[in-house]
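# generate coordinates for the sequence data below:
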Amino acid sequence: MTQERAAAKIPIVTSTDGHPYIPAEAAIALLRAIAQSCRNLADDPDCDLLGAAAAIDSEADYLDIRAIERTTIRTE
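All right, here's what the predicted structure looks like:
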């Protein structure tokens, strides 16, 4: 069973200017989740900040892909 990516849970809306945005509530929840992850990893000797940063980068990349998909005009 695969776990859903955290970035898949973040709502993306397209503004009238055509740009993708996430609601303030989602941004706040995202920042709190990052802070909680840091607290969870702080006492784990097998984890370091480089691993945490790589995981956050991966989620950011996935969110970026979703935003691009949301705003790309399909001509099919």
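# list the contacts of stretch 54-62.
5-8, 34, 37 (C-beta atoms under 8 Å, 6 or more residues apart in numbering). The C-beta positions use only the backbone N, C-alpha and C, and glycine is treated the same way.
# in CSV: the residues you listed, plus distance to A54, pLDDT and neighbour count.
Output for these, formatted as CSV (distance: C-beta to C-beta, whole Å; pLDDT from 0 to 100; neighbours: other C-beta atoms under 10 Å):
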residue, distance to A54, pLDDT, neighbour count
R5, 14, 81, 13
A6, 14, 79, 17
A7, 14, 82, 20
A8, 18, 85, 10
I34, 13, 85, 15
S37, 12, 81, 15
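# surely V13 meets P20?
Yes - with contacts defined as C-beta atoms under 8 Å, V13 counts as touching P20 at a distance of 7.2 Å.
# out of those two, which sits in the busier spot?
Here V13 and P20 are set side by side on neighbour count (other C-beta atoms under 10 Å), and the busier one is P20, at 16 against 11.
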